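**Q** pasted the sequence and its predicted model underneath.
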Amino acid sequence: MPRPHLIALAIPLLMLTGWSNARAQLSTLATTGSGQPVSSKDPVTFTADQVEYDRENAVVTARGHVEAWQNGHVLRADLVTFDRNTGVATAIGHVVLLEPDGQVLFADSAEMTKDMQEGVLKGMSALLAENGRLAANGARRTGGEINDLSRVVYSVCNLCKTDPTKPPLWQIEASSAVQDLEHKRIEFYDATMQMFGYPVAWFPFMSQPDPSVKRQSGFLVPWLGSTSGLGVFASQPYYWVIDDQSDATFAPMLTTKAGPYIDAEYRRRFNNGFLYANTSLGYLSDSVQNTTVLRGQFSYDDTWRWGFDINRASSANFVRDFHIGTGLTGDPNLLASQIYLEGFGQGSYARLDTKAYQGLTGTITNSKLPTVLPRYTYSYMGTPDGWGGRLSLDASAFNVMRTDGVNTRRAALTMNWDRPFAGTLGDLWTIKLHGDGIAYDATQFNEQPNYGAHGSIDAMRVLPQVAMDVRWPFARDGGHWGSQLIEPMAEVIIAPQTGSSQIRRYPNEDSLDFEFSDANLFGFNRFSGIDRLEGGPRANVGLHAAWYLGGTAFDGLIGQSYRTTKDNLFPEASGLHDQVSDVVARTSFAPTQWADLTLRGRFDKATMALHAAEAVTSFGEPRLRVGLGYIYTNFDPYTFYDQVQPPPAGNAYYSPRNEATVNVSSQWGNYKLSGFARRNLALDQMVAYGADAIYEDECFILDLKFFRRNTSINGDSGSTAVLFLFTFKTIGQFGYRAI
């Protein structure tokens, strides 16, 4: 929950009602002249090295290690006197007051009346929650609810160990303060914010909750800054605690270019879930615009739960310019909304949902985006049966609608049965039975993303497949040379031919992208979904090797796929078009605990020319950590959606993708530094780069962020952002943003 920056501090004062129930030898001293105990609802118990009672003047004096406690409140002092006539208790010397919530109060002396509702403390200092420290020349308590403080100093910073008189990193000095014990607030008057002993800000009045208070209504830190879209802006948020389960935040904003703006958030917790709502309203481009976010999740019972995640906006420019506090999450160019019901069973999962999308850039046409209404999925994983095999199945049904494009209704069932067994020579075998059954009903099939030959189709297909998988691991313990593993692998699949006829006959909603690599070398289908099925007799072979030497580990895999005929379903650049596939390989190398390297590649089957590559490495320790990344493919998968499959020769699909990234981080004590850069090597230009510098200690955070985007979003020419964030713990944070 947000913490208001105008806070109150609670100073525990002694809550005593009379010296009426002392231990053993002390009990007879705390009586009236008639020998009757003083009336008290909550009697006080105390111990001391020495106790004296002046019967003539009715004064009780306790000396030496005096300790008194009552309902969790503890008082310690060198000397405590109690005047039975006036009801005044006086504590002198090393006075310490401990409260049940853990707060500790120190004073040179304390003088309080009977029942401790009125009192005066001199030379007061206090330890509060969250490392809070409060000191005052004096404090006067009135009615047990209000404390008036004079010459007040507050901070949560630790003092210098070598020179405790040195000013802390920051502190608040005030000529006076009023503490409301009932509402847990303290008001500072004529307050000055100091850093390293030098004043940096002055407040005629400020208030804040006690550091132990997690949620309390109040004004938050103001937003001040300037952006290219808004000009100079200023916002003063307000945080409202509605009850123990809910709260809200309101943030009105004034701008010099775009007009007024307001953002509102509402949060509520229930016994069975939560609700979050956010809405913003502003004036941009001569029109009123808005965003809406509604999110929630609720459990029906131990098996079923339901929820929703709604995200909508009036325009991309409104989200881009008023990006502060919109609550929108995920891809800023494409908003997704969904409502769902899901259940969890023993080895099973079911989900019913509906989804809708909204594009926020000119490159996304909303009429082409799908609306899924509804979609149902079910997954089941069985236990081993009497034959030693295991059955699993996945069932699904969906209805995809588009204003401009294919409308698809599909029902599908996928079943698997695997039976592993071991040979006499340590060879490992697995028999796999696999089947896909799919039924389609589609209209506007001749439009994107399928561009079929007919306007509407009704089709059904079943593809059974059977595979035999064998792996033969050879392991060796080489003593000082560590242990080695060599594992030949092979998989033979028998299935009917499918081929490129699928393009003309069946819609494609879940297989619009694919990538051939070591990750999908083995398996029944290299596509990401089942709208495109790989068929025909084929074999997949590979060699897996590993070497473990002390703290050094090496792991690698190389493989290839073979088929009886070409498969025109795959474009030529994919590496799976011909009877013999490209060679795929992967290697991971970790020479120490502070370094690792992973390389992936796809190579031409004849020339071993590089067709795809991926490299990721990181090395170093927290004081200096470096990460490098590189990706290359001989085609651009992002263009695959907007043309007939497979793409014709010369299409943008065959434009290579070539990018490199680097990130560096360092942590030295309280300092953290990090930076990153991403470059498009194919276009020879930077994509984005940025840096972050953070200082954090027990009381203060300074965060400086820089980010530059060179790519265009919705027709802009990139953007630059600089963010300064100053956080004074328990008080608030001050930030400045420029774009």
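**A** On my side now, so go ahead.
**Q** what about the spatially closest residue to Tyr238 that is not a sequence neighbour, which SS state?
**A** Once flanking residues are discounted, Tyr238 sits nearest to Phe250: 5.0 Å by C-beta to C-beta, 6 or more residues apart in numbering. Bear in mind the C-beta positions are built from the backbone N, C-alpha and C, glycine included. With DSSP: H, G, I helix; E, B strand; the rest coil as the basis, Phe250 sits in strand.
**Q** and if you look at Phe514?
**A** Phe514 - assigned by three-state DSSP - is coil.
**Q** ditto for Lys566
**A** coil.
**Q** from Ile503, how far out is it?
**A** Here the criterion is C-beta to C-beta, to the nearest Å. By it, Lys566 lies 15 Å from Ile503.
**Q** repeat for Asp427
**A** 40 Å.
**Q** quick one: which of those two has more around it?
**A** Ile503 (18 against 13; other C-beta atoms under 10 Å).
**Q** isn't there a strand covering that one?
**A** No. Assessed with three-state DSSP, Ile503 is helix; it does not lie in a strand.
**Q** I figured it was touching Leu569, is that so?
**A** Yes. Counting by C-beta atoms under 8 Å, Ile503 touches Leu569, with 7.2 Å between them.
**Q** got a list of what the residue nearest to Tyr238 touches?
**A** 237-238, 240, 262-264 (C-beta atoms under 8 Å, 6 or more residues apart in numbering).
**Q** closest one of these to Ser511?
**A** Asp263 (40.4 Å; C-beta to C-beta).
**Q** Ser109 falls within a helix, correct?
**A** No. Membership of Ser109 in a helix is not supported by three-state DSSP, which gives strand.
**Q** domain assignment for this protein?
**A** The chain is divided into the following domains under automatic domain parsing: 24-214, 669-738.
**Q** save the ones you listed as a markdown table, and put in distance to Lys432, mean pLDDT and mean neighbour count too.
**A** A markdown table is the format used below for the domains of the chain (distance: least, C-beta to C-beta, whole Å; pLDDT from 0 to 100; neighbours: other C-beta atoms under 10 Å):
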| stretch | distance to Lys432 | mean pLDDT | mean neighbour count |
| --- | --- | --- | --- |
| domain 24-214 | 55 | 80 | 17 |
| domain 669-738 | 40 | 82 | 16 |
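**Q** columns distance to Pro591 on top of those domains, output as CSV?
**A** Written out in CSV, the entries for these read as follows (distance: least, C-beta to C-beta, whole Å):
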stretch, distance to Pro591
domain 24-214, 41
domain 669-738, 24
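**Q** how about those, which one is nearest Gly231?
**A** Comparing those under C-beta to C-beta, the one sitting nearest is domain 669-738, at 11.2 Å.
**Q** distance from the chain centre to the closest one, please.
**A** How far domain 669-738 lies from its chain's middle: 18 Å, per C-alpha atoms, centre = their mean, to the nearest Å.
**Q** with stretch 256-270 instead?
**A** The answer for stretch 256-270 is 21 Å, by C-alpha atoms, centre = their mean.
**Q** pLDDT of it, averaged?
**A** Averaged across stretch 256-270, pLDDT comes to 89.
**Q** heads up, I number from 212, so please use that
**A** That works, and once the first residue is 212, the last one we named lands at stretch 467-481.
**Q** which parts of that stretch are buried?
**A** Using 16 or more other C-beta atoms under 10 Å as the test for burial, stretch 467-481 gives 469-470, 472, 474-479.
**Q** same thing with stretch 680-690?
**A** 680, 682.
**Q** between the two ends of it, how far is it?
**A** Terminal residues of stretch 680-690 are spaced 32 Å apart (C-alpha to C-alpha, to the nearest Å).
**Q** contacts for it?
**A** Taking C-beta under 8 Å, 6+ apart as the rule, stretch 680-690 contacts 636-643, 694-702, 733.
**Q** rerun at 10 Å
**A** For stretch 680-690, contacts defined as C-beta atoms under 10 Å, 6 or more residues apart in numbering pick out 629, 631, 634, 636-643, 693-704, 733-734, 751, 753, 755-760.
**Q** just the buried members of the residues you listed?
**A** Using 16+ other C-beta under 10 Å, the buried ones in the contacts of stretch 680-690 are 629, 642-643, 693, 695, 698, 700-702, 704, 733, 751, 753, 755-759.
**Q** show me where the stretch 412-561 of the chain has its strands.
**A** With strands called from DSSP state E, counting those that start in this stretch, the stretch 412-561 of the chain shows them at 429-430, 434-438, 442-446, 449-452, 457-466, 472-481, 484-495, 498-510, 515-524, 545-556, 559-570.
**Q** gap between the fifth one and the chain center?
**A** Spelled out, that is strand 457-466. 22 Å.
**Q** what pairs with that strand, and is each one parallel or antiparallel?
**A** strand 442-446 (antiparallel), strand 449-452 (antiparallel), strand 472-481 (antiparallel) (DSSP bridges).
**Q** distance to Glu310 for these - can I get that in TSV?
**A** Output for these, formatted as TSV (distance: least, C-beta to C-beta, whole Å):
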stretch	distance to Glu310
strand 442-446	37
strand 449-452	23
strand 472-481	28
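**Q** out of those strands, which is closest to Gln896?
**A** strand 442-446 (29.4 Å).
**Q** tell me how far that closest one lies from the chain's centre.
**A** 28 Å.
**Q** pLDDT of that strand, averaged?
**A** pLDDT averaged over strand 442-446 gives 78.
**Q** C-alpha coordinates for it, PDB please?
**A** Taking C-alpha atoms only, strand 442-446 is exported to PDB below (Å, rounded to 0.1, in the frame of the first residue of the first chain):
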ATOM      1  CA  GLY A 442       5.000  20.200 -21.200                       C
ATOM      2  CA  VAL A 443       5.400  21.200 -17.500                       C
ATOM      3  CA  PHE A 444       3.200  19.200 -15.200                       C
ATOM      4  CA  ALA A 445       2.300  19.100 -11.500                       C
ATOM      5  CA  SER A 446       0.200  16.600  -9.600                       C
END
